[in-house]
Every structure is written in C-alpha cells, then in structure tokens.
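Peer 1: Task: produce atomic coordinates for the following.
(one chain, ligands or ions: 1)
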Amino acid sequence: MNYTSRIFIYVGMLIALLTGMMLLSFKTATDIVVSGSREHLRHAAMRKQESVRHQGDELLNYTDIIVNDLRLQEHIYIIVQLGASSEALASYYDRQFSSLPTDAHVILSRSGEVLYGAKYSRLINALRQRKKATSREKFFFMSPDGPVMVAVQPLVYQGETLATSAVARLLGDSWLQQQESNSGEYLIFFESDGRVLWSSNPDYRGFQINRASKMVVDTERSFYLHEVDLPEAGTEIPRLWFAASETRLIHMLNRYRYWAYAFSFLGGLTVLLLGWLMVRNFRRPLAQLMETTEAMIHGRLPVLDRNESRTELDLLLNRFADVLDALRREKAKVKRAHKKLQETAITDSLTGMYNRRYLQEVTPGLFAQVERDGRYLTAILLDLDYFKAVNDEHGHLGGDAVLVHFARLLKHNSRANDQLFRIGGEEFLILNVSENPDGNVALAEKVRELVSESPATYQGVRIPMTVSAGISCYSGRLGEGSLSRLMRSADKALYEAKASGRNRVVVHSSCKEASTMARKKNQKQSLSLVTNTKKPF
Ligand SMILES: Nc1nc2c(ncn2[C@@H]2O[C@H](COP(=O)(O)OP(=O)(O)OP(=O)(O)O)[C@@H](O)[C@H]2O)c(=O)[nH]1
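Peer 2: Here you go, the predicted model:
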C-alpha cells in the first residue's frame with residue numbers, strides 16, 4: 001500500500017476517533033447534567049412530601065385544640081348525655097374555631113349524629129364510612145373538587161368518648177397553586193389513569209402524562225416528574241406528582257449537541273485538510289525522487305531543481321540534487337579518462353598515429369564498405385630506408401625524432417579519408433577507400449619526394465632520409481577480403497622497392513587490376529550517362 005493511501009487511512013481513523021470522543025464527551029456531559037437535574041427534582045419532590053406531611057400534622061394539631069376545649073366538651077356532654085339542643089354549640093364552635101385555617105369542620109356524635117358542620121355532607125359521609133375513630137389520625141377521601149385531607153380525633157369528656165371531631169382541607173386547584181407558584185419552571189398536580197386532574201397550573205389540566213418516561217410534554221415545554229408520596233392516601237386517591245421543567249435543560253443540551261457536531265465536523269475537516277497537505281508535501285518530493293531514481297536506473301543523471309523549503313524531504317531532495325551533480329561531474333571525468341584510455345589503446349604514443357590494434361579493429365568495416373559500395377581499398381606501406389643507421393649514428397632519441405618528423409609529414413600531406421597507422425618500428429601504413437586507386441600512387445610518390453627533400457633535425461643536426469613504399473589494392477573481387485592478404489601484397493611491393501635501390505614506390509599487380517576495373521566502370525558510367533541524356537523521356 002502506498003504512503004498516500006496509508007496517510008488517508010490514518011486520517012480516517014483520526015476523524016473517527018475525534019468524532020467518537022466528541023460524541024462520548026457529549027453523552028457523558030448529558031448524563032451528568034440529566035442525572036444532576038433528576039437528583040434536584042427528587043430532592044424538591046421530597047421537600048413537597050415533607051410539606052404535605054407537615055400540613056397533615058397541622059390539621060391534627062387543630063383537632064387537638066378542638067377536642068381539648070373544655071367548654072366544647074361540656075357542650076357536647078350536655079347535647080349527647082342530656083339531650084340538649086345543638087344550636088348553642090354551633091354559635092360557640094363558630095366563635096371559637098372559625099379562625100382555624102381549614103376548609104371544613106365536622107363533629108359527629110358517637111351515634112353518628114351531626115352535631116356541627118351539617119353542610120359538609122361529603123366529609124360526613126366519609127367519616128360515617130370509616131369505622132369509628134378511636135385515635136388521633138389522618139385519612140384522605142375524594143371529592144369532585146379534589147382529594148380531601150382529613151384529621152380526625154375522638155372527643156372525650158370525663159373519660160367517656162362522646163363524639164368525633166374532624167377538620168379537613170381540600171387539596172384542589174387552589175391548594176396546588178399555593179404549593180407551587182405558577183413560575184412555569186415547576187408544576188404540582190394530581191393524576192389518575194395518566195391524566196392530569198388538578199394542577200398548580202390549570203392549563204395542564206387534562207394533559208396526558210407518560211408514566212414510563214415520567215414526563216409531561218406539551219408543544220412548548222416538557223417536565224420530568226417525581227411522585228410525592230401520600231402515606232395515608234388509599235388507592236382511590238389520585239397520585240400526586242411534582243414536576244420540573246426540562247425545557248431549558250433540553251435546549252441547553254441541544255445547543256451543546258450542535259456544538260459537538262460542529263466541532264466534530266470542523267475537527268474532521270481540519271484533520272482532512274492537514275492530511276491532504278501532508279500527502280501533497282510528501283508526494284511532490286517523493287514523486288521527484290522516484291522519477292529521478294527511475295531515470296538513474298536507465299543510465300540517466302537528470303538535473304533536479306533545488307527547493308527553498310526547509311522541510312526534511314526538500315532538504316533530502318536538495319542533497320539528492322548535489323549527489324546527482326557530483327555523479328555527473330564524476331561521469332564526465334570517467335568519460336574523459338575512458339576516451340583518453342581508448343585513444344591510448346589505439347594510438348602510438350610516439351607519433352600519435354593509430355597502432356596495429358586499431359588496424360585490426362577498423363579493417364573489417366573498410367572491407368565491408370568496399371564490397372557494399374563497389375569501391376577499392378588501397379594499402380600504402382611505407383618503410384624508412386636504412387633507419388638502423390640513423391639510430392646507430394644519432395642514437396635512439398635521434399631515431400625517435402626522425403620518426404616523429406616523418407609522422408608529421410604524413411599527417412600534413414594525407415587526405416581526409418586516409419587513415420594513418422604506425423605498424424612497426426619504422427614502418428607506416430596508409431589505408432584508403434576510394435573509387436579509383438590511382439590517386440594513391442601519386443600520394444605515395446609525393447610523400448617519398450617530401451621525405452627526401454625535408455630532412456629531420458635532431459639537436460641541430462640535419463638527418464636526411466628516404467622512404468620506400470609498396471602499394472596493394474583490394475577490389476572486392478578476390479573472394480573474401482583479408483588484411484593479411486592485402487598486407488602481404490603491399491609487403492611484396494615494398495620488398496621490391498627496397499631491393500631495387502630504395503627511395504621508390506612499387507605498385508603491386510592487385511592495384512593495376514583494380515585500376516583497370518575502375519577505369520572500365522567509369523567508362524561504362526559515362527557511356528550510360530550519354531545514352532540516358534539522348535533518350536527522350
Ligand atoms: N629510434 C628508434 N628506433 C627503432 C624504433 N623501432 C625500431 N627501431 C629500429 O629501427 C631499425 C630497423 O632496422 P632494419 O629493420 O634493419 O631496417 P633498416 O635499417 O631501415 O634497413 P632497410 O629497411 O632495409 O632500409 C632497428 O635498428 C630498430 O632498432 C623506435 O621506436 N625508435
């Protein structure tokens with residue numbers, strides 16, 4: 001897998017990690033906030049429960065006041081035991097107890113007769129339905145306007161229970177409103193079968209509650225609920241709930257969630273951008289390095305542009321450019337050395353002419369050229385006369401000077417397509433491919449004359465000398481041409497030149513043959529040219 005793909009995989013993993021962390025932190029924060037809010041609601045509901053219990057105890061205290069009133073006891077005694085009218089009781093009771101903050105007062109005689117509070121028929125019924133009160137206690141019953149909390153206590157006079165005193169408080173809408181002002185943040189209500197019956201906020205009457213999620217939801221608000229336990233209430237009494245608005249909390253959490261999404265998105269985008277920048281920064285120099293090494297594998301040393309950037313990869317690239325420069329310089333050096341070596345290998349160090357090794361190399365090509373183009377290869381073999389005597393007289397260095405002088409003469413007077421070789425001590429060769437070998441005889445003669453006319457000079461002493469030459473030719477008709485055959489013929493001619501007195505040029509018969517052939521060929525060509533020009537198109 002390449003680096004680009006890897007970096008993108010790492011970036012993807014980083015984005016997933018970032019998103020996961022953001023979502024986890026959001027969930028954790030939500031859990032903390034929600035559980036804090038639930039705990040707050042539970043405490044508030046417990047305070048309400050305490051308050052209700054306290055109000056029940058207050059009612060009981062009121063019954064204490066009533067049943068312990070001696071005058072009242074005497075009134076009841078007179079009515080119950082002596083059969084007096086209860087009219088006087090009503091005026092006494094009203095005078096004494098009407099200021100107590102309750103909603104209803106009833107006194108029932110031990111036989112169930114209403115002594116006071118005849119208008120509170122529901123309370124009277126509820127009291128009659130209960131077994132006779134023998135102790136100080138609380139109970140609840142239902143009225144159309146809401147649950148009613150009742151405190152009841154037997155009225156005892158001189159050790160005998162004469163009646164039952166009861167005070168009651170209606171826990172309807174107005175009581176609920178007293179418990180919780182309509183701030184909009186909290187709600188207290190009675191519920192039965194999932195429906196709000198009476199509420200501190202009348203707008204919520206009739207609303208359905210979700211007991212499973214413990215929520216009341218309307219279009220604008222939602223409340224979380226906690227039940228307020230009423231220990232003395234039986235199953236017929238609706239359940240009392242305390243509710244706290246979660247709207248603000250939910251809005252806050254939603255806002256936090258949007259931030260979490262936005263941060264995840266921006267974070268992901270940033271990581272993606274960084275990943276892309278990294279890939280781009282890595283890819284350019286890496287691609288350049290790859291291209292360069294590819295070129296190097298194929299034997300090239302390309303020029304790399306240097307970068308101003310100070311990143312490690314760019315510095316590496318600049319170093320690579322330095323290495324390439326150094327390699328190019330070394331390559332040029334090696335090339336020069338190689339060329340020199342090649343030249344040394346094929347040239348004679350004294351005269352600078354090609355040597356015998358190069359002769360072996362070059363001749364197959366010359367023979368092929370002759371056969372292909374129908375031309376003639378001419379070998380002019382030159383040998384300085386009595387060279388041993390020069391050495392003897394002027395020393396070896398004097399002999400070398402003569403050899404160098406002779407070589408210079410040959411170079412200056414040879415033609416462009418002449419190839420010059422030193423093939424032995426004082427033996428030289430001129431090879432030439434031409435359409436007519438005749439010109440080579442003239443060249444040999446010219447060289448011979450020049451040599452005899454221009455003596456070499458060594459240490460101020462003129463050293464006259466002469467040269468003998470033998471010329472042989474190859475016309476491509478002698479079967480496969482070979483250097484040895486050509487050289488043998490030239491050698492024969494040279495031998496003849498030496499034998500016949502030296503300082504002369506002898507042409508081998510192969511050249512006469514070649515010359516005749518060339519002439520005939522020329523004639524044919526000129527004839528065909530003439531014929532062709534006469535021919536009309
Ligand atoms: N100074 C010098 N002499 C060389 C070199 N190579 C060969 N010689 C000498 O050239 C001489 C050749 O002599 P010979 O082969 O007898 O021929 P010659 O004296 O020229 O006589 P002919 O060829 O018959 O005219 C020898 O004395 C070699 O030592 C060289 O590089 N430098």
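
Peer 1: what about the strands in the stretch 1-150 of the chain?
Peer 2: Taking DSSP state E, counting those that start in this stretch, the strands of the stretch 1-150 of the chain run over residues 104-109, 114-116, 137-143, 146-157.

Peer 1: quick one: contacts of the third one?
Peer 2: If you take C-beta atoms under 8 Å, 6 or more residues apart in numbering as the criterion, strand 137-143 is touched by 56, 59-60, 122-123, 126, 130, 147-153, 170, 230, 232-234, 236-238. (C-beta placed from N, C-alpha, C; glycine too.)

Peer 1: follow-up on the earlier one: so which of the strands of the stretch 1-150 of the chain gets nearest the ligand?
Peer 2: Set against the ligand and scored by C-beta to the nearest ligand atom, the strands of the stretch 1-150 of the chain come closest in strand 146-157, at 142.7 Å.

Peer 1: by how many degrees do the helix or strand just after the closest one and strand 137-143 diverge?
Peer 2: Later in the chain than strand 146-157, the nearest helix or strand by DSSP states H and E is strand 160-170. Here strand 160-170 runs at an angle of 50 degrees relative to strand 137-143 (axes from the mean of the first three to the mean of the last three C-alpha atoms, to 10 degrees).

Peer 1: name the helices or strands packed onto strand 160-170?
Peer 2: In terms of contacts (3 or more C-beta pairs under 8 Å, 6 or more residues apart in numbering; DSSP states H and E), strand 160-170 is packed against helix 3-67, helix 70-82, strand 104-109, helix 121-129, strand 146-157.

Peer 1: 10 Å instead?
Peer 2: In this structure, strand 160-170 packs against helix 3-67, helix 70-82, helix 87-97, strand 104-109, strand 114-116, helix 121-129, strand 137-143, strand 146-157, with contacts taken as 3 or more C-beta pairs under 10 Å, 6 or more residues apart in numbering; DSSP states H and E.

Peer 1: what's the closest of the ones you listed to the ligand?
Peer 2: Nearest of the helices and strands packed on strand 160-170 to the ligand, taken as C-beta to the nearest ligand atom: helix 3-67 at 66.7 Å.

Peer 1: Between helix 87-97 and that closest one, find me the angle.
Peer 2: Using the same axes, to 10 degrees, helix 3-67 lies at 130 degrees relative to helix 87-97.

Peer 1: Now the closest residue to the ligand within the stretch 401-537 of the chain: closest residue in space that isn't a chain neighbour?
Peer 2: Minimum separation of the stretch 401-537 of the chain from the ligand (C-beta to the nearest ligand atom) falls at residue 425, amounting to 2.3 Å. The shortest distance from residue 425 to any non-neighbouring residue, by C-beta to C-beta, 6 or more residues apart in numbering, is to residue 387 (7.2 Å).

Peer 1: what does the model give that neighbour for pLDDT?
Peer 2: What the model reports for residue 387 is a pLDDT of 96.

Peer 1: Likewise for the one 4 residues further on?
Peer 2: According to the model's per-residue confidence, residue 391 sits at a pLDDT of 95.

Peer 1: and the residue nearest to residue 146 when sequence neighbours are not counted, what is it in contact with?
Peer 2: Nearest non-adjacent residue to residue 146, counting by C-beta to C-beta, 6+ apart: residue 172, 3.1 Å away. Neighbour list for residue 172: 103, 143, 144, 145, 146, 147, 148, 190, 197, 198 [criterion: C-beta atoms under 10 Å, 6 or more residues apart in numbering].

Peer 1: The residue of the stretch 101-250 of the chain found nearest the ligand - how many residues pack around it?
Peer 2: Residue nearest to the ligand within the stretch 101-250 of the chain: residue 250 (112.9 Å; C-beta to the nearest ligand atom). By other C-beta atoms under 10 Å, 15 other residues sit near residue 250.

Peer 1: that older thread, go through the helices and strands packed on strand 160-170 and find the least confident stretch.
Peer 2: In terms of mean pLDDT, the lowest-scoring of the helices and strands packed on strand 160-170 is helix 3-67 (a mean of 87).
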